[in-house]
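Peer 1: Quick one, structure for this:
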Amino acid sequence: MTIGFLEEQATYLELPEALWVHQMPVPVKDPSVVCWNEALASEAGIPRLTDAVWGGSKVIGGSTPFSQAYAGHQFGGFTILGDGRAVVLGEHICPDGRRIDVQLKGSGRTPFSRGGDGRAALGPMLREYLISEALHYLGIPTTRSLAVVRTGEAVHREQSQPGALMVRVAESHLRVGTFEFAAQTQDTSTLEALLMYAIERHMPECAAAEIPAAAFLQECCRRQAALIAKWMSVGFVHGVMNTDNMAISGETIDYGPCAFMDEMDVGTVFSSIDRQGRYAYGNQPQIAHWNLAVLASALLPLMGDDTGKAEGIATEALDVFPKEFAQSWRKEMARKLGIVNVREGDDGLIDDFLEILQRHHLDFTSTFLEVEDGCPEHLKKWVADWEARVRSEGGVEAARERMRTANPVVIPRNHVVEPALESASAGDFRTFNEVLAEIKDPMNRERERGDLAKPPPPGTPRVTTYCGT
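Peer 2: So this is what the prediction gives:
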């Protein structure tokens, strides 16, 4: 029998009830889909359905919407959280057999709302749609936006804004914070059930390990190391790497104050609330490692009865992260520089390149293109060293050709994205759609290089981004 869209019972609801609540989305006044991701819908086998369904005003038969409980360390402080403005409509089986969550974000108040209105504004939902698509087309694992839906209602933040919902799909919405929540219940059976569920859904090979919790932690370390290295290789700054915003699947999740760096600066921060630079561009590996240490602490009861031995096992698993990140980072940067096989000395070449970018305030993305196109004067000495290195792997032109497949021409430049979001929020989607079309083809070197391929004009102030909650 073929199971229709969202007609299969959500497997997450088989977990202990402490981890979820049944929750219907709160109907909205006038739902209207303003962005529909046809490519994603086709790939996942998701039907278009009506605006009322995607706006949460109508729930299709057979689905069992729910909100998830989780906790989180936000800027280092522990908080009990949960889906305060989100509802998982259900789990969908894609044509290739993958199971994904289909979630409404901005769907109204839940028991986890903590005084919030449970709603979302159009601008932040469009930002998540745009930036998550940019990461997807750059080959970076990410949750994705299926649709953005105007609600016909206003939401009130610093000022009144048009309301919207986003339909998000993900391999799951399990987070480091989900395990923190399970651990704080002090019910080992709940924690163990969550662990085995996560293993079965994402990392089935860990089930046969001597200590599944340790194997699971190691795999989480590997996935996050690879993800952060890919982020940083394109200048992406997540902006709010709280533990509740780290997905167990290794996908990028939650695009609040995120942005792409223009001028190379390891201290780059865009978020209005990150006043200490905790989540700055260059701090992202250390923060990921810190978050994983929190996950390790939550999992300790499942690593043995001897606390000392369990801590040793957890530490050994956590030690995987820095090694894996260094390897992933080296691999990503070598690829961007047209190097085939990383060898001794390449770390120095990579570090020298980045130090020059930092010292001379050079644009992170376009400087790779300058190396690809020729020999920029400010990199003359470094380029001579680089040319000597790549001659052993087919020569300089072969290396530059490899760079053309590794380096994006366009990224979502803040000085272009912000006006596009403002216009779209006011009802004019022309620029937004133009930007969206360009970021879906980031490596295209045939078209004319527009504003998304250029650094902001001199004197342009750095954009400040907001969470939108």
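
Peer 1: in the stretch 351-469 of the chain, which spans are helices?
Peer 2: Counting by DSSP state H, counting those that start in this stretch, residue ranges of the helices within the stretch 351-469 of the chain are 364-373, 380-390, 396-403, 414-425, 430-439.

Peer 1: Dump these to a markdown table, plus distance to Arg462 and mean neighbour count.
Peer 2: From N, CA and C alone the C-beta is placed, and that goes for glycine too. Shown next, in a markdown table, are the helices of the stretch 351-469 of the chain (distance: least, CB to CB, whole Å; neighbours: other CB atoms under 10 Å):
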| stretch | distance to Arg462 | mean neighbour count |
| --- | --- | --- |
| helix 364-373 | 14 | 20 |
| helix 380-390 | 26 | 15 |
| helix 396-403 | 28 | 17 |
| helix 414-425 | 8 | 19 |
| helix 430-439 | 19 | 17 |
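
Peer 1: What are the buried residues along the longest strand seen in the chain?
Peer 2: Counting residues, the longest strand in the chain under DSSP state E turns out to be strand 144-156. Residues Arg144, Ser145, Leu146, Ala147, Val148, Val149, Arg150, Thr151, Val155 are the ones in strand 144-156 that count as buried (16 or more other CB atoms under 10 Å).

Peer 1: and the helix or strand hosting Ala229, how far out from the chain's middle?
Peer 2: In this structure, Ala229 sits in helix 212-233 according to DSSP states H and E. Averaging C-alpha coordinates over helix 212-233 and over its chain gives two centres that are 13 Å apart (CA atoms, centre = their mean, to the nearest Å).

Peer 1: Would you mind pulling up the elements that it packs against?
Peer 2: helix 188-202, helix 284-299, helix 307-318, helix 320-336 (3 or more CB pairs under 8 Å, 6 or more residues apart in numbering; DSSP states H and E).

Peer 1: could you check the angle helix 364-373 makes with it?
Peer 2: 70 degrees (axes from the mean of the first three to the mean of the last three CA atoms, to 10 degrees).

Peer 1: could you point out which element follows helix 212-233?
Peer 2: The first helix or strand that comes after helix 212-233 along the chain, using DSSP H and E, is strand 236-237.

Peer 1: Rounded mean pLDDT for that next one, please.
Peer 2: Computed over strand 236-237, the mean pLDDT rounds to 98.

Peer 1: Next SSE downstream of it?
Peer 2: Following strand 236-237 in sequence order, the next helix or strand is strand 259-260 (DSSP H and E).

Peer 1: which stretches of this protein have low pLDDT?
Peer 2: Counting by pLDDT under 70, the chain has low-confidence residues at 1-3, 469.

Peer 1: go again using 90 as the cut-off
Peer 2: Residue ranges of the chain with pLDDT under 90: 1-9, 60-63, 115, 157-159, 374-378, 446-450, 459, 461-469.

Peer 1: follow-up on the earlier one: with respect to burial, which of the helices and strands packed on helix 212-233 scores highest?
Peer 2: Most buried of those by mean neighbour count (mean count of other CB atoms under 10 Å) is helix 284-299; its value is a mean of 21.

Peer 1: Would you enumerate the residues in contact with the residue nearest to the spatial centre of the chain?
Peer 2: Among the residues of the chain, the one closest to the centroid is Thr252, at 1.8 Å (CA atoms, centre = their mean). Residues in contact with Thr252 (CB atoms under 8 Å, 6 or more residues apart in numbering) are Ser132, Leu135, Ile140, Pro141, Thr142, Thr143, Leu227, Trp231, His238.

Peer 1: Could you do Arg127 as well?
Peer 2: Contact analysis of Arg127 by CB under 8 Å, 6+ apart lists Tyr255, Cys258, Val417, Leu421, Thr465, Gly468.

Peer 1: One more: Glu311?
Peer 2: With CB under 8 Å, 6+ apart as the criterion, the residues that contact Glu311 are Leu300.

Peer 1: now it: how far from Leu300?
Peer 2: Going from Glu311 to Leu300 by CB to CB, to the nearest Å gives 7 Å.

Peer 1: same thing with His136?
Peer 2: Following CB to CB, the distance that separates His136 from Leu300 is 35 Å.

Peer 1: Which one of those two is surrounded by more residues?
Peer 2: With other CB atoms under 10 Å as the criterion, His136 and Leu300 differ in neighbour count, and His136 comes out ahead with 21 against 16.

Peer 1: And the more buried one, which helix or strand is it part of?
Peer 2: Secondary structure (DSSP H and E) places His136 in helix 122-137.

Peer 1: Now do the closest residue to Gly76 other than its chain neighbours: how many residues are near it, please.
Peer 2: Excluding the flanking residues, the one nearest Gly76 by CB to CB, 6 or more residues apart in numbering is Arg278, at 7.2 Å. Using other CB under 10 Å as the criterion, Arg278 is surrounded by 18 other residues.

Peer 1: pretty sure Arg278 is touching Gln286, no?
Peer 2: No: in this structure, Arg278 is not within contact of Gln286 by CB atoms under 8 Å, at 9.7 Å.
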